[in-house]
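Trainee: I'll drop the sequence and a predicted model, then ask my questions.
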Amino acid sequence: MSFKRKIRRQGNSAILCIPTALLRRLNVEQHDLLTLDVEDGVLVGRPVARPIRRYTLAELLVGADQLAQLNASVREHMDSPLVGREL
């Protein structure tokens, strides 16, 4: 699979758009980092390993209180008698 792309100018930079199909083959997405090198006159792009995101316990528990309140408010409806042809 090969693509031709024109290098265009944007401000003082040169922009090269990478087709989505090539991004998929590299297993990268928008906003990921690539290292760019020139090897034997060929431009080579390699993905930079994504760091594993570590969450604190406080970050993981954000919203847990509201979820408990929501569950309590729904519970009374779950225990109410049937009014129609529910299963």
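Mentor: On my side now, so go ahead.
Trainee: what helices or strands is the longest helix along the chain leaning on?
Mentor: Longest helix of the chain, by residue count under DSSP state H: helix 64-78. Using 3 or more Cβ pairs under 8 Å, 6 or more residues apart in numbering; DSSP states H and E, no helix or strand is in contact with helix 64-78. To be clear about C-beta, it is placed using only N, CA and C from the backbone, and glycine gets the same treatment.
Trainee: give me the mean pLDDT for that helix.
Mentor: Helix 64-78 shows an average pLDDT of 82 in the prediction.
Trainee: pull out the buried positions in it.
Mentor: By neighbour count on 16 or more other Cβ atoms under 10 Å, the buried set for helix 64-78 is empty.
Trainee: could you find the closest non-adjacent residue to the residue nearest the centre of the chain?
Mentor: Most central in the chain under Cα atoms, centre = their mean is residue 29, positioned 7.7 Å from the mean C-alpha point. Spatial nearest neighbour of residue 29, excluding adjacent residues (Cβ to Cβ, 6 or more residues apart in numbering): residue 23 at 6.6 Å.
Trainee: done for today, thanks.
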